[in-house]
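1. pasting a predicted model and its sequence here:
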Amino acid sequence: MKQDTDNKGISLLKKGKKGIVSIIFSRLGMIILLLLIQVLLLLTVFRWFEAFIPHIYGGTIIFTLFMVLYLLSTSIDPTAKITWLIIIMLLPVFGALLFIFIRSDIGHRALKSRVQHLNEQTKDRITQDPETLEALSSAAPGAAGLSRYISRSGSFPVYDKTEVTYFPTGEAKFAELLKQLEQAEKFIFLEYFIVEEGVMWGQVLEILARKVKQGVEVRMMYDGTCEFSKLPHDYPKRLQALGIQCKMFAPITPFVSTHYNYRDHRKILVIDGHTAFNGGINLADEYINHVVKFGHWKDTAVMLKGDAVRSFTLMFLQMWNVDEKNWEFDSYLSADCHSRENAKGFVIPYGDCPLDCEKVGEQVYIDILNRAQRYVHIMTPYLILDGEMENALKFAAERGVDVRLILPGIPDKPIPYALALTHYTSLLDSGVKIYEYTPGFVHAKVFVADDQEAVVGTINLDYRSLYHHFECATYLWGTDCIPGIETDFLDTQEKCQLITYEKRKHAKLYRKVMGFLMKAFAPLL
């Protein structure tokens, strides 16, 4: 369907670029200045300790040895241990103090406490239907085992009676999204990592503003990093003036904190409790190729209709209520889901929280790789792997499974692009096939395996997604859309170049050098 790009929708910001002076003296400029001052102060303190502490303990060798032994006894990821060992060996006291600062969780202890309390209080709001779980166990014991693991980390039951539509492009998802929003009668919940004014958000906002006037409750939540380059600090107030409830997750503040590590990378939209959207597509024009930034933007999404929407409603409300005193869940969770009685297969919407000890996103991917018999086909924008994920990819290929990866041909960030290259030789050695999308940038996060199961969501194959971000995804088994997901992968592969040892050898020098230099610090990126 052709997009109506002439309709710009609603814009709440003035046109034109900001000058350097206005940026410097803006709230954002002041925050950045204060952050830089604090970083310099911390560096000064660390340097003072670096000169002072060795004399107390008798030298840097004893201090370094102590820190190495301490690091080895911690439960952090083995790849991250190597990174910290290198930093501490090169800069003993400075590295140790930096490690202590980051591990102290200054800045997100309160968030962690609130999230854990909220999840604990709401974990039983949705219960697992035993007949549905039994049906999955009979059809696919391995998938049922995965569902039991997912349910341990939150209220994420397995559902049937849910119709799933797969969108192979941002344009397709956008067209359907506008149609579904027009049909909203009770409430609309939106939670996105990136929102930027333009055709896409303008047309969505126009419908939201109209729906508010019709009595529909609209809540909007987006990540605070949008304030760096996308939206001004007062944008929530501008939306509130239209009757839209709005808040930023973790707004930027003038304090150095580990809180900046934990971003809301999720993309969730729920309509009336019976329709939900999930996937990699944010609310900005590059996602529908109205604006070209890195060649053609390849992205994907799914639309759910039926019982499984209830889990996305709960996920949104949990995040929304993190800073609220009075919670209201039941009236939204009891909304009619419009069960799709004839829908095939099983659906599990799930989230991944960086504040607990579970790496749900990574474990789901690894489980699919370990159980696959014929193929696992993957699209991801980034490839910055820990040892567990890399071993899972390699082991699946070595078992004879056809493992294929589609990655961007035109990157959006040079360092992740360079780091991806560092994994190529090892993966190729095991038989993993790697493709780069020649027309542009792949932002899709898709796993599809054996014509039976798939995942579409927000979870990249990098440390940010697997360790540090709030994420969500939709696990599918036996649904009607899975063949379409595999067809889309194969169609996309036709537009890619296959990476061989020869092509890996002739990669651009800057990419090789940057990957070599940054490899040791990958867990921190």
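-> Thanks, I have it.

2. going forward, measure contacts between C-alpha atoms and count neighbours the same way
-> Noted.

3. so how far is the first residue of stretch 504-512 from its last?
-> With Cα to Cα, to the nearest Å applied, stretch 504-512 spans 9 Å between its terminal residues.

4. residues contacting the closest residue to G351 other than its chain neighbours?
-> Distances taken as Cα to Cα, 6 or more residues apart in numbering put C472 closest to G351, at 4.1 Å, once the chain neighbours are dropped. Going by Cα atoms under 8 Å, 6 or more residues apart in numbering, C472 touches R266, K267, P349, Y350, G351, D352, G361, G457, T458, I459.

5. give me that answer again for 6 Å
-> Applying Cα atoms under 6 Å, 6 or more residues apart in numbering, we find C472 in contact with R266, Y350, G351, D352, T458.

6. could you dump those residues to a markdown table with neighbour count?
-> A markdown table is the format used below for the contacts of C472 (neighbours: other Cα atoms under 10 Å):
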| residue | neighbour count |
| --- | --- |
| R266 | 29 |
| Y350 | 25 |
| G351 | 25 |
| D352 | 25 |
| T458 | 31 |
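
7. restricted to strands, list these.
-> Counting by DSSP state E, the part of the contacts of C472 found in strands is Y350, G351, D352.

8. any regions of the stretch 401-525 of the chain where pLDDT drops low?
-> For the stretch 401-525 of the chain, applying pLDDT under 70 flags no range at all.

9. what residue ranges in the stretch 101-250 of the chain score low on pLDDT?
-> By pLDDT under 70, the low-scoring segments of the stretch 101-250 of the chain are 104-108.

10. quick one: T438 and G409 touch, right?
-> Yes - counting by Cα atoms under 6 Å, G409 is a contact partner of T438 at 4.8 Å.

11. what does stretch 337-350 contact?
-> Against stretch 337-350 from outside (Cα under 6 Å, 6+ apart): 156, 158-163, 273-274, 306-307, 472-479.

12. could you redo the last one with a cut-off of 7 Å?
-> Stretch 337-350 has contacts (Cα atoms under 7 Å, 6 or more residues apart in numbering) with 156-163, 273-274, 306-308, 311-312, 472-480.

13. tell me the buried residues within the residues you listed.
-> Buried by 16 or more other Cα atoms under 10 Å: 156-163, 273-274, 306-308, 311-312, 472-480, out of the contacts of stretch 337-350.

14. just checking, which of those residues belong to helices?
-> S311, F312 (DSSP state H).

15. circling back to that earlier point, from the ones in strands among the contacts of C472, which is closest to A420?
-> D352 (23.1 Å; Cα to Cα).

16. what bridges to that closest one?
-> As for beta bridges, D352 partners with E471 under DSSP bridges.

17. so who does it touch?
-> D352 neighbours (Cα under 7 Å, 6+ apart): K359, V360, G361, F470, E471, C472.

18. at 10 Å what do you get?
-> 150, 153-154, 266, 358-362, 459, 465-473 (Cα atoms under 10 Å, 6 or more residues apart in numbering).

19. repeat for F193
-> Counting by Cα under 10 Å, 6+ apart, F193 has contacts 221-226, 248-249, 263-268, 280-283, 458, 470-471.

20. for it, what are phi and psi?
-> Main-chain dihedrals, F193, degrees, to the nearest 10: phi -80, psi -40.

21. can you tell me the closest non-neighbouring residue to L427?
-> Leaving aside its sequence neighbours, L427 sits nearest to K394 (Cα to Cα, 6+ apart; 6.0 Å).

22. check which helices and strands the helix or strand in which that neighbour is found sits against.
-> Taking DSSP states H and E as the criterion, K394 maps to helix 387-398. Here helix 387-398 touches helix 78-90, helix 360-371, strand 375-379, strand 402-408, helix 414-430, going by 3 or more Cα pairs under 10 Å, 6 or more residues apart in numbering; DSSP states H and E.

23. ok, 7 Å please
-> helix 360-371, helix 414-430 (3 or more Cα pairs under 7 Å, 6 or more residues apart in numbering; DSSP states H and E).

24. how far off centre is the first one?
-> It refers to helix 360-371. Offset of helix 360-371 from its chain centre (Cα atoms, centre = their mean, to the nearest Å): 16 Å.

25. which other helices and strands contact that helix?
-> helix 387-398.

26. okay, buried residues for the helix it packs on please.
-> M389, E390, N391, A392, L393, K394, F395, A396, A397.

27. quick one, what contacts the nearest residue to the fifth one once chain neighbours are set aside?
-> Spelled out, it's L393. Once flanking residues are discounted, L393 sits nearest to L369: 6.7 Å by Cα to Cα, 6+ apart. Neighbour list for L369: V376, A392, L393, A396 [criterion: Cα under 7 Å, 6+ apart].

28. my guess is the second one contacts I366. True?
-> Yes - between A392 and I366 there is a contact at 5.9 Å, judged by Cα atoms under 7 Å.

29. tell me how many other residues crowd T313.
-> Applying other Cα atoms under 10 Å, we find 25 residues neighbouring T313.

30. so what's it up against?
-> Per Cα under 7 Å, 6+ apart, neighbours of T313: V270, G273, L333.

31. including pLDDT, could those residues go into a markdown table?
-> Shown next, in a markdown table, are the contacts of T313 (pLDDT from 0 to 100):
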| residue | pLDDT |
| --- | --- |
| V270 | 98 |
| G273 | 98 |
| L333 | 96 |
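
32. out of those residues, flag the one nearest to L91.
-> Distance to L91, by Cα to Cα, is smallest for V270 among the contacts of T313, at 48.8 Å.

33. how far away is the closest one from E471?
-> 16 Å.

34. quick one: contacts for P157?
-> The neighbours of P157, taking Cα under 7 Å, 6+ apart as the test, are T127, Q128, S151, I348.

35. same question for A454.
-> A454 neighbours (Cα under 7 Å, 6+ apart): F447, V448, Y475, L476, W477, I482.

36. next: R266.
-> For R266, counting by Cα under 7 Å, 6+ apart, the contacting residues are E191, Y192, F193, T458, F470, E471, C472.

37. stretch 392-405: end-to-end distance?
-> Termini of stretch 392-405 sit 13 Å apart (Cα to Cα).
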